[in-house]
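Okay, predicted coordinates and the sequence, questions at the end:
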Amino acid sequence: MKNLYLLSISLFSAATLNYFSFTPAAKAQTTSRNNNSLSSTETKQKPEQDQVMVSEVVIEGVEEELKQKISKVIQVQAGQTITRDRLEQDINAIFAIGNFANVRVIPKDTPLGVKITFVVEPNPTLRRVTVKGSNVVPQKVIDKSFSQQYGKIINFREFQKGVKNLNQWYQDNGYVLAQTIAPPSFNSDGSVTLAVAEGIIEDIKIQFINEEGKEKDAEGKPIKGRTQKYVITREMQLKPGQVFKREVAQKDLQRIASLGIFNDLNLKFNPGKDPQKVVLVVNLREGKNISLTPTGGFSSRSGLFASGNFQAQNIGGRNQKFGTNVEVSRRDLTFDVNFSDPWIAGDPYRTSYKVGAFRKRSFSQIFDGGETDVELPNGDNPRVFRTGGNIIFRRPLSKNVFEKSDWVASAGLKYQKIAIRDSDGNLNAKDELGNDLSFSGDGEDDLFSIPLALVRDKRNNPLRPTKGSFLSLSSEQSIPIGDGNILSNKLRGNYSFYVPTHLTKFTKGCRNSKSNSKTDKCPQAFAFNLQAGTVLGDLPPYEAFSLGGLNSVRGFAEGDLGSARSFVQASAEYRFPVLSFLGGTVFFDAATDLGSSSSVVGNPGGARDKSGSGFGYGAGLRIQSPLGPVRLDYGFNNDGESRIQFGLGERF
């Protein structure tokens, strides 16, 4: 319709100018110099336009308010002369007001000059605006953008402001590719239709690049990647047919990056076959997928040893992982082999699994610590050997696999062959006091179990939480098969919560009042933890709960406080930043075995005079590192003893 308006200007301007050119009676009187004294130079220049005397100016077709607007912008006035150029400027000025669909000029000869009548046709009253091609913008947003104009005569200039508001809504909501693609369509009934291209994704393509960021090699051949396409696209919430949204794309890239198999990735856009759509291209540079670390040395536990760690990721291009850690010594062979798939192909719920086989050797805290040393009959310390395997399935309990799930469940099957041995590998059934070291009484047990767990994580930061909570519940049901015929259920609960505070102001982020409400600028909090557990049924001594130590009651050595069938443990901390990389904490821990130590086979806690209950308190430092806080705690216990303890990660 706008083209029609412009055409109307041309037609009516031409008619008016012709009238002025060929109506002698309307011409103003001119001097003889103007009529007869033109020089040869003047005749080569643009002819001087005729001027006519205006006797009256009339505006028709609109109400008084719009008449006043027109009167303010036109130059023609009664009693003055006018040229065709000035009249054309007036017509353009009227259109520039923005309220008019058509402007005509009707000149009429009168005895006093020419009467100029502007016949104007106003735009219709704006009733409704709709958007053609929209998939994401609600009608209420459209109406809000033009609400101040509804019920009023359409003004093109004001209407453009509404279009600008609508475009701003697209940008503010992340639809950065959205744009109008044609002039508005104005209808006589007051409705207006806007045509937009919102940035619909026509297709998603995966493009691998080399170290130089190029898509082709030196021979001009496309770079081929190992990773299968579905491994990448299943991490993307954006799909063909959807409108591109910046925030969704950023989260998609973060999930792809978290796979850990790409060194670089970015997005770019190519034109689609449909000019209103785009092809989304994901550029990826793969990293190395194999690492081997051989080591060796000498230790008092193993003597001379050699070990190696091998890790392979993105096996078969499916992001599956395989890892093994092997240690060989004169006395023994230990290993830990595992294979994992972080998302089973075709599963809609992001179910993962991990399969492992192991042979491990450790000094059990159950058979260590306390006021009295109890050793093997040969004076050696007992070692617990665990040989077996397991498979664990894990699934987030959320319908939306693209959002972090508060609840995560896991279930599996586990088998262990337990053997109590000395440093020479000899089997030992009892300690020097004659207490059983295994449930079967012969030094070896078979332990089949079904581990189940449910975790809810609502912390704001898993490495350095300052608000939120964490809850874990677990059950490990053993099946009475094999040596020992063990039937039991090991239950455990762990709950932590965090309360942000701003008591100290050592760092700039804590001193700045504007950032005090932001825990990332001032990571300071009161932290509380409560744990409890019990074993129902048969309880081999090496499966008892160990109390005391860095991850239990600080100020006690590892396992010094108790070896329990049941326990309750609580901790409280105040955590605060000192420098950007350094934090401090004060803490209080307490735990009790609820008098259950004597019900453990062989009573390892009672035999070693472990108190079973106690508390510890102290202060510590937290040094921030890429792997999380490095812990240094100095604790005192209720017996008056103190010790420095090191660890990685927060206590809870």
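The structure has been received and is ready for your questions.

any idea which helix or strand carries Phe615?
Under the criterion of DSSP states H and E, Phe615 resides in strand 613-623.

just the helices in the stretch 451-600 of the chain please.
In the stretch 451-600 of the chain, helices defined by DSSP state H, counting those that start in this stretch lie at 508-511, listed in chain order.

Can you tell me which helices and strands the strand holding Phe615 packs against?
Here strand 613-623 touches strand 582-592, strand 630-637, going by 3 or more Cβ pairs under 8 Å, 6 or more residues apart in numbering; DSSP states H and E. Quick note: C-beta positions are derived from backbone N, CA and C, even for glycine.

And the first one, how far out from the chain middle?
Here strand 582-592 is found 32 Å from its chain centre; the criterion is Cα atoms, centre = their mean, to the nearest Å.

quick one, it and strand 630-637 angle?
40 degrees (axes from the mean of the first three to the mean of the last three Cα atoms, to 10 degrees).

Next secondary structure after strand 582-592?
helix 604-607.

Other residues contacting that next one?
The set of residues that contact helix 604-607 without belonging to it, under Cβ atoms under 8 Å, 6 or more residues apart in numbering, is 366-367, 370, 372, 374, 431, 433, 435, 541, 544, 562-564, 593, 597-598, 612.

Please apply the same query to stretch 361-378.
Outside of stretch 361-378, the residues within contact range by Cβ under 8 Å, 6+ apart are 332, 334, 381-386, 422, 428, 430-433, 435, 437, 541-542, 544, 546, 548-549, 557-561, 563, 604-605, 607-610.

Tell me the buried residues within those residues.
Buried residues within these, defined by neighbour count using 16 or more other Cβ atoms under 10 Å: 332, 334, 381-386, 422, 428, 430-431, 435, 437, 541-542, 544, 546, 548-549, 557-561, 563, 604-605, 607-608, 610.

helix/strand/coil for the residue most central in space within the chain?
Most central in the chain under Cα atoms, centre = their mean is Lys251, positioned 4.5 Å from the mean C-alpha point. In three-state terms, and counting by DSSP: H, G, I helix; E, B strand; the rest coil, Lys251 is helix.

Surely it and Phe402 touch.
Yes - between Lys251 and Phe402 a contact is recorded at 7.1 Å, counting by Cβ atoms under 8 Å.

Need the overlap of contacts for the two.
Applying Cβ under 8 Å, 6+ apart, one finds that Lys251 and Phe402 are jointly contacted by Gln237.

For the stretch 551-652 of the chain, give me the ranges with low pLDDT.
Counting by pLDDT under 70, the stretch 551-652 of the chain has no low-confidence residues at all.

at 90 what do you get?
Scanning the stretch 551-652 of the chain for pLDDT under 90 picks out the ranges 580, 625-628.

Identify the spatial nearest neighbour of Phe305, chain neighbours not counted.
Across the structure, with Cβ to Cβ, 6 or more residues apart in numbering as the measure, the residue nearest Phe305 apart from its sequence neighbours is Ser329 (3.9 Å).

tally of neighbours for that neighbour?
18 (other Cβ atoms under 10 Å).

cool, and Gln242?
17.

So in terms of bridging, what pairs with Val355?
The bridge-partner assignment for Val355, based on DSSP bridges, gives Phe339, Ile391.

which residues sit in contact with it?
Listed by Cβ under 8 Å, 6+ apart, the contact set of Val355 reads Asn338, Phe339, Ser340, Gly389, Asn390, Ile391.

doesn't Ala357 make contact with the second one?
Put plainly, it is Phe339. No - under the contact definition of Cβ under 8 Å, Phe339 does not touch Ala357, with a separation of 9.3 Å.

Sheet partners, orientation included, of whichever strand or helix holds Ser449?
According to DSSP H and E, Ser449 maps onto strand 444-457. Looking at strand 444-457 with DSSP bridges, its paired strands and their directions are strand 407-421 (antiparallel), strand 468-479 (antiparallel).

what about those, which gets the closest to Asp85?
Closest of the strands paired with strand 444-457 to Asp85 is strand 468-479, at 73.6 Å (criterion: Cβ to Cβ).

Contacts for that closest one next, please.
Surrounding strand 468-479, the residues in contact under the criterion Cβ under 8 Å, 6+ apart are 414, 447-460, 486-498, 537-538, 652.

are any of those residues buried, and which?
Among the contacts of strand 468-479, the ones that count as buried by 16+ other Cβ under 10 Å are 414, 447-449, 451, 453, 455, 457, 459, 486, 488-490, 492, 494-498, 538, 652.

So what pairs up with Arg622 in the strands?
Gly583, Arg631.

quick one: Glu212 is in a helix?
No - residue state for Glu212 (three-state DSSP) corresponds to coil; a helix is not indicated.

how many neighbours does it have?
Counted with other Cβ under 10 Å, residues neighbouring Glu212 total 7.

likewise Leu333?
Other residues within reach of Leu333 by the criterion other Cβ under 10 Å amount to 10.

That one: what's its closest spatial neighbour, skipping adjacent residues?
Setting aside the residues directly before and after it, Leu333 is nearest to Arg359 in space (Cβ to Cβ, 6+ apart), at 6.8 Å.

before we move on, the earlier item: among the contacts of stretch 361-378, which ones are in strands?
For those, membership in strands holds for Thr334, Arg383, Val384, Phe385, Arg386, Ser546, Ser563, with DSSP state E as the criterion.

From these, pick the one nearest Asn270.
Thr334 (53.4 Å).

what residues are up against that closest one?
For Thr334, the set of contacting residues under the criterion of Cβ under 8 Å, 6+ apart consists of Val326, Glu327, Arg359, Lys360, Arg361.

a markdown table please, covering the residues you listed and showing pLDDT and neighbour count.
A markdown table is the format used below for those (pLDDT from 0 to 100; neighbours: other Cβ atoms under 10 Å):
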| residue | pLDDT | neighbour count |
| --- | --- | --- |
| Val326 | 96 | 16 |
| Glu327 | 94 | 20 |
| Arg359 | 98 | 17 |
| Lys360 | 96 | 13 |
| Arg361 | 93 | 20 |
